[in-house]
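**Q** what follows is a predicted structure for the sequence shown.
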Amino acid sequence: MKKLLLATCLLFPVISFSQKSVPHAKIYDLLLGGYTGPNATKGITVYRFNAETGQATLLNQLDGVENPDFLAISNNHKFVYACNVDTKGGEGSVSAFKFDYLTGKLELINKQPGGGSNPVHIILDKGDKNVLVSFYSSGSLTVLPVNKDGSLGTVSQTLQYTGSGPHKNQKGPHVHASLFSADGSKLMVADLGTNKIDLYNYDAAKVQPLTPDNPAFKMTAPGDGPRHMEFSPDKKFLYVIQELSAFVRVYSYNDNKLAFVQTIAMMPDGYDKNGAADVHLTPDGNFLYASVRGNADKIVLYNVDKQSGKLTFVERYDVSKAPRGFTIDPTGSFLLSAGQDGNTINIFKIDKASGKLTLTDNKIDIPQITCLKWVAVK
């Protein structure tokens, strides 16, 4: 029986467990990445995680990787890709690594210029043919081909966005994330700066695989700032977190078309320092969680109506400061919230009947973590 491995952008040890003590435990690997520096992380770190006890232990660490603020894992789990931020404002880059899920060992293959500034998100297509990188500061998205040995080629396509929005943080385009449809033929791109979800056709056989769809975009509300997106497990609904308004917008997705369903607030009326960040659903699709930073530092829980896709607010939970990234383990048993500025990953137990969270005594003390990912282990 195949086991899943955990790949998440986070770092440094603090917990241990014994695999032998739980013979049939569900064990995963967790990859962590974030910002590097004297008081930050060292590079990319791999933990082993027990999904029955919620305990984690350091497995391996690759130092010297510059600001790997977001990671992507190849579908065969043999390679890891990281976007590297130049904190001085220069061009970002993209790194490729060999990955051994048994030992957690990472080995650099090559590194390429990314073609934009301040990369904040990276994904691969279904066939591991290309990586797609979102650049916040330059407001662009680039495509880099992946070679058979896992190495990266040079940029093959660049999409440069234009426009602005009414919010003070929307003076220009800010591409924040992209997401493929289930069959990989469509791509959605969240532009925080222009309040748009740009829509594309995707053909991996072409050197420049992206062409505008019809319609070419879907508008959100003025000042929303679309950031991260996730499909429901049945792929019928798309959930988009809005960084600047701290709302979650719900869309139905039928025949490759988005239709608006609902907008729901993350914070009470009057909350004006918004910084919504990440959004994830449980594997069964019953519950959605979203994180908000600003002066809130919360994980927000919603019930999901699977027929309509609509959300109902349940509770908010305090987490370590600046929860830019969080993840749910593949069994749906634990939620791990990374406090980028609190330097701690909180580990919550999920009640599978209600979705409610209970903070455990387990945690990972790691500075400046920004992304968390899961990877299947054979």
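**A** Happy to help now that I have it.
**Q** all contacts plus neighbour counts: C-alpha atoms, from now on.
**A** Fine.
**Q** could you pull out the strands for the stretch 151-300 of the chain?
**A** With DSSP state E, counting those that start in this stretch, the ranges of strands along the stretch 151-300 of the chain come out as 157-160, 175-180, 186-191, 196-202, 210-219, 226-231, 237-242, 247-254, 257-265, 276-281, 287-292, 298-304.
**Q** with mean pLDDT as added columns, please give these in CSV.
**A** Rendered in CSV, the data for the strands of the stretch 151-300 of the chain read as follows (pLDDT from 0 to 100):
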stretch, mean pLDDT
strand 157-160, 98
strand 175-180, 98
strand 186-191, 98
strand 196-202, 98
strand 210-219, 97
strand 226-231, 98
strand 237-242, 98
strand 247-254, 97
strand 257-265, 97
strand 276-281, 98
strand 287-292, 98
strand 298-304, 98
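**Q** can you show me the helices along the stretch 251-378 of the chain?
**A** With DSSP state H, counting those that start in this stretch as the criterion, the stretch 251-378 of the chain has no helices.
**Q** out of the strands of the stretch 151-300 of the chain, which is closest to Asp125?
**A** Between Asp125 and the strands of the stretch 151-300 of the chain, the tightest spacing by C-alpha to C-alpha is seen for strand 175-180, at 7.4 Å.
**Q** from Gln368, how far off is Lys206?
**A** Look at Lys206 and Gln368: by C-alpha to C-alpha, to the nearest Å, they are 38 Å apart.
**Q** looking only at neighbour counts, state which of the two leads.
**A** Relative neighbour count places Gln368 above the other of Lys206 and Gln368, with 28 against 9, counting by other C-alpha atoms under 10 Å.
**Q** skipping its backbone neighbours, what lies nearest the more buried one in space?
**A** Beyond its immediate neighbours in the sequence, the residue positioned closest to Gln368 (C-alpha to C-alpha, 6 or more residues apart in numbering) is Gln340, lying 4.3 Å away.
**Q** contacting residues for the one you found?
**A** With contacts taken as C-alpha atoms under 8 Å, 6 or more residues apart in numbering, Gln340 has the following neighbours: 320-324, 367-370.
**Q** what about Asn256, how many neighbours?
**A** Residues near Asn256, counting by other C-alpha under 10 Å, number 14.
**Q** beta-bridge partners for the closest residue in space to it that isn't next to it in sequence, please?
**A** On the basis of C-alpha to C-alpha, 6+ apart, the spatially nearest residue to Asn256 that is not a chain neighbour turns out to be Lys186, at 7.6 Å. Counting by DSSP bridges, Lys186 forms beta bridges with Asn201.
**Q** tell me who's in contact with Lys186.
**A** With contacts taken as C-alpha under 8 Å, 6+ apart, Lys186 has the following neighbours: 180, 199-202, 256.
**Q** okay, now the unreliable bits of this protein?
**A** For the chain, the stretches with pLDDT under 70 are 1-25, 376, 378.
**Q** please repeat the previous calculation with a cut-off of 90.
**A** Across the chain, the stretches falling below the confidence threshold (pLDDT under 90) are 1-27, 38-39, 76, 87-88, 101-102, 269-274, 295, 374-378.
**Q** list the buried ones in stretch 324-336?
**A** 324-330, 332-336 (16 or more other C-alpha atoms under 10 Å).
**Q** likewise stretch 197-212?
**A** 197-202, 204, 208-210.
**Q** off-centre distance for it?
**A** In terms of C-alpha atoms, centre = their mean, to the nearest Å, the centre of stretch 197-212 is set 21 Å apart from its chain centre.
**Q** which residues sit against it?
**A** Residues lying outside stretch 197-212 but in contact with it, judged by C-alpha under 8 Å, 6+ apart, are 125, 129-130, 143, 156-157, 184-191, 213-220, 226.
**Q** for Ile44, phi and psi?
**A** When read as degrees, to the nearest 10, the backbone of Ile44 gives phi -120, psi 130.
**Q** show me what it is bridged to.
**A** Here Ile44 sits in beta bridges with Leu62, as judged by DSSP bridges.
**Q** just checking, it touches Glu66?
**A** No. At 9.3 Å, Ile44 does not count as touching Glu66 under the criterion of C-alpha atoms under 8 Å.
**Q** neighbour count winner among these two?
**A** More crowded of Ile44 and Glu66, by other C-alpha under 10 Å: Ile44, with 30 against 23.
**Q** what's the spacing between that one and Ala82?
**A** When Ile44 is compared with Ala82 (using C-alpha to C-alpha), they lie 9 Å apart.
**Q** shared neighbours, these two?
**A** Taking C-alpha under 8 Å, 6+ apart as the contact rule, Ile44 and Ala82 both touch Pro68.
**Q** for Leu132, give its distance to Ala259.
**A** Distance, Leu132 to Ala259, by C-alpha to C-alpha: 25 Å.
**Q** which of these two has more neighbours?
**A** Between Leu132 and Ala259, counted using other C-alpha under 10 Å, Leu132 has the larger neighbour count: 24 against 13.
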